[in-house]
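Colleague: what's the 3D shape of this:
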Amino acid sequence: MQLLQQTIEKIVCLDQKIAAEARERVDHLIKPAKSLGRLEDLAVQLAGITRNLKPVFDQKAIIVMAADHGVYEEGVTSNPQEVTVGQTLNFAKGITGVCAIGQVSGARIVPVDIGIKVEMPSDVGIIIRKVKNGTDNMAKGPAMTREEAIKAIEVGIEIANEEIKKGVQILGTGEMGIGNTTPSTAILSVLLRCDPLGITGRGAGLGKGGLEHKAEVIRRAIHINEPNPDDVIDVLEKVGGLEIGGMAGVMLGAAANRIPVVVDGFISTIAAIIAVGIEPKTKDYLVTSHASQEPGAKLASELLGLEPMLMMNMCLGEGSGAALAFPIIEAACSILKNMPTFAEIGMEI
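Modeller: As a prediction, the model looks like this:
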């Protein structure tokens, strides 16, 4: 809890003076006003985050949190839980979807075992920071204790701090965990105070009971655990996942270090809602990448209050959308660095 509190206390608002200077510059670049749309807003945000009118993001990393879920035993997915292990190993090998996209955008992939059910090898490029061997079955009781939820958040903070010390200038969040759309949807259902059926999706593959069974499991978990929607850590504890807490911690850690963090799809957005619920100023440091195909994704983005940049019909997770968004972020930086103003080239308008 001490690390979390220290991190919260370090998070401040964007530098409004630098942001205003960036806005002034963007508005007078050699182009029609507002013609670069959201790219202009992104440039201003990045300048305000970094306190630099010409921000640079040469060193990028996507932290992929991996964990298992006790609710898997309720048959909410058709995929074997062993896939969590296999894909986490594949991150280390550099052969997953986010790894392939990351090669294009120059992002290093950092896999973290924060709660995989089995013990993972420590000599293959996976960071082992296991809080516990998967969450407990939230349909029968709390997914974890409050202490474990806070520890998961603090693991994310620690990993973010370590990467930033290595020179990383921008982070992305990703996840791996078979069944993790179930706790993500449960969290959203609690925070929206809505029935889960309308926001429950297929995830990576539905179990035999279909959407109705998955929604009923979520409904039962909420009924049994009574998570407090006014306390996001309580919600994470009761019906959440370790990787969701870890990603929320990455976002808090990045904000405390004035580092932008790119949010992936549905599950990462849920983590962002947790992070912002813990410290609202964290929102200033978030860049949302793509609109997931999961049914709850749009409502999650609306609850967060940030509109994703990309509509690519993706729902892979892993941080794949974050990797895809990095070149757009670099483009926003490039207009600040490489476009002159009308005054600088001696033109009057």
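
Colleague: show me what the nearest residue to Met312 once chain neighbours are set aside is bridged to.
Modeller: Among residues not flanking Met312 along the chain, His290 sits closest, at 5.4 Å (CB to CB, 6 or more residues apart in numbering). Where you see a C-beta, it was placed from the backbone N, CA and C, and this is true even at glycine. Beta bridges link His290 to Leu310 when assigned by DSSP bridges.

Colleague: what sits against the nearest residue to Asn137 once chain neighbours are set aside?
Modeller: Residue nearest to Asn137 in three dimensions, not counting chain neighbours: Gly70, with 3.7 Å by CB to CB, 6+ apart. Residues in contact with Gly70, defined by CB atoms under 8 Å, 6 or more residues apart in numbering, are Gly134, Thr135, Asp136, Asn137, Met138, Lys140, Ala143.

Colleague: all helices for the stretch 1-150 of the chain, in order.
Modeller: Taking DSSP state H, counting those that start in this stretch as the criterion, the stretch 1-150 of the chain contains helices spanning 2-10, 16-27, 38-50, 82-93, 97-105, 146-165.

Colleague: just want the angle from the third one to helix 16-27.
Modeller: Orientation of helix 38-50 against helix 16-27 (axes from the mean of the first three to the mean of the last three CA atoms, to 10 degrees) gives an angle of 150 degrees.

Colleague: what does helix 38-50 contact?
Modeller: Contacts for helix 38-50 (CB under 8 Å, 6+ apart): 14-16, 18-19, 21-23, 26, 34, 53, 55, 258-260, 284-285, 287, 309, 328-329, 331-333, 335-336.

Colleague: give the buried residues for that helix.
Modeller: For helix 38-50, burial by neighbour count (16 or more other CB atoms under 10 Å) applies to Leu39, Glu40, Leu42, Ala43, Val44, Gln45, Leu46, Ala47, Gly48, Ile49, Thr50.

Colleague: quick one, which of the contacts of Gly70 are buried?
Modeller: Using 16+ other CB under 10 Å as the burial test, the contacts of Gly70 include Gly134, Thr135, Asp136, Asn137, Met138, Ala143 as buried.

Colleague: who are the contact partners of the fifth one?
Modeller: Met138 makes contact with His69, Gly70, Val71, Pro183, Ala186, Ala221, Ile224, Asn225, Lys238, Val239 under the criterion CB under 8 Å, 6+ apart.

Colleague: nearest to Thr173, out of the helices of the stretch 1-150 of the chain?
Modeller: Across the helices of the stretch 1-150 of the chain, the minimum distance to Thr173, taken as CB to CB, is reached by helix 146-165, at 8.6 Å.

Colleague: what ranges do the strands span in the stretch 51-200 of the chain?
Modeller: Listed in chain order, the strands of the stretch 51-200 of the chain (DSSP state E, counting those that start in this stretch) span 60-67, 107-115, 127-128, 170-176.

Colleague: follow-up on the earlier one: please tell me how far the residue nearest to Met312 sits from Val262.
Modeller: Per CB to CB, to the nearest Å, His290 is found 10 Å from Val262.

Colleague: joint contacts of the two?
Modeller: Residues within reach of His290 and of Val262 at once, by CB under 8 Å, 6+ apart, are Ala325.

Colleague: does the closest residue in space to Met339 that isn't next to it in sequence have beta-bridge partners, and which?
Modeller: Counting by CB to CB, 6+ apart, Leu29 is the residue found nearest to Met339 once chain neighbours are left out, at 4.5 Å. Note on Leu29: beta-bridge partners Thr341, judged by DSSP bridges.

Colleague: tell me who's in contact with Leu29.
Modeller: Ile335, Met339, Pro340, Thr341, Phe342.
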